[in-house]
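J.: I'll drop the sequence and a predicted model, then ask my questions.
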Amino acid sequence: MKIFQISDIHIGNINQKTHGVDTRKNFLKVLEYSKDIKFDRYLISGDLAFREPSKNIYKWIKTRLDRFEHRYHIIPGNHDDSKLLSEVFNVETINSKEIFYHEVYKYYLLIFLDTSNSRISSKQLKRIKELANIYTDKKIVLFMHHPPVKTGCKYMDIKYQLLNQNDFWKEIKEIQNISQIFSGHQHCDKEISINKINVYVAPSTFFQINCDLEYFEVASYNIGYRIINIAKNSITSYVNYLSSGEK
Ligand SMILES: [Fe+2]
């Protein structure tokens, strides 16, 4: 199964200024581009909204995605409202508050998480462990907006990290079969390995951040995406950029 991951699209309200970048146009551009690529599903990995989420923004995104034949997975980011998102996209939740759902795909258990308040809740961690105990023969792949670890992207690691990373690692320590974690949020492209788990960060379609600096600076306005290839014995992934987003 091949997943086309689009992240941090940051769609504003009509006529809302989004730092001089037409984020709607960028999103449509990457969707259009994806027509030439063979894949099975989209993953929209959080921060669908620019700053303040709204039903109109989510509906606009949904209408665009529905024009394509591919299934899509949605997870929320820190600029999203999980309740609203789950209503518009009809996504499963825990107590209609936190988005949480899973899917067994061949040799894998795919789990989609909610870190919209910049934390991973104990409820979700408990559910991950429960699922891991049921599907002991599956490799687990987690999808979450925030990478649960410092990635080396200095500004984002310092200012906007997942706040309870220690809870995350403490709770999942007992789970042997987590193989990959796919995230976004940091507006850059990273791949790191920690405790035998590969953590991937997908670039944004908005702008990329200069990861070498402790303060904010845009590195480029190129539109990024990640392809995730889930095969029987391995998961591989790569990032690509469309030449130029617009400024
Ligand atoms: Fe984010």
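T.: Everything's here; your move. These numbers come from a predicted model, not from an experiment.

J.: Is the nearest residue to residue 51 once chain neighbours are set aside part of a helix or strand, or is it coil?
T.: Distances taken as C-beta to C-beta, 6 or more residues apart in numbering place residue 79 nearest to residue 51, at 6.0 Å, with adjacent residues excluded. To be clear about C-beta, it is placed using only N, CA and C from the backbone, and glycine gets the same treatment. Assigned by DSSP: H, G, I helix; E, B strand; the rest coil, the conformation of residue 79 is coil.

J.: From what I see, residue 79 and residue 57 are in contact.
T.: No - look at residue 79 against residue 57 with C-beta atoms under 8 Å: they stay out of range, at 10.1 Å.

J.: if I look at the two, which residues touch both of them?
T.: Residues touching both residue 79 and residue 57 by C-beta atoms under 8 Å, 6 or more residues apart in numbering: 48, 49, 50.

J.: Could you list every helix and strand that the host helix or strand of residue 241 packs against?
T.: With secondary structure defined by DSSP states H and E, residue 241 is part of strand 235-242. Packed against strand 235-242 by the contact rule (3 or more C-beta pairs under 8 Å, 6 or more residues apart in numbering; DSSP states H and E) you find helix 23-34, strand 178-183, strand 223-230.

J.: For the ones you listed, could you give me TSV that also reports mean pLDDT and distance to the ion?
T.: Shown next, in TSV, are those (pLDDT from 0 to 100; distance: least, C-beta to the ion, whole Å):
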stretch	mean pLDDT	distance to the ion
helix 23-34	96	14
strand 178-183	97	9
strand 223-230	98	14
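
J.: okay if I get the ones you listed as JSON lines plus distance to residue 126 and mean neighbour count?
T.: Below are those laid out as JSON lines (distance: least, C-beta to C-beta, whole Å; neighbours: other C-beta atoms under 10 Å):
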{"stretch": "helix 23-34", "distance to residue 126": "34", "mean neighbour count": "18"}
{"stretch": "strand 178-183", "distance to residue 126": "15", "mean neighbour count": "23"}
{"stretch": "strand 223-230", "distance to residue 126": "25", "mean neighbour count": "22"}
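
J.: Having no further points to raise, I will conclude here.
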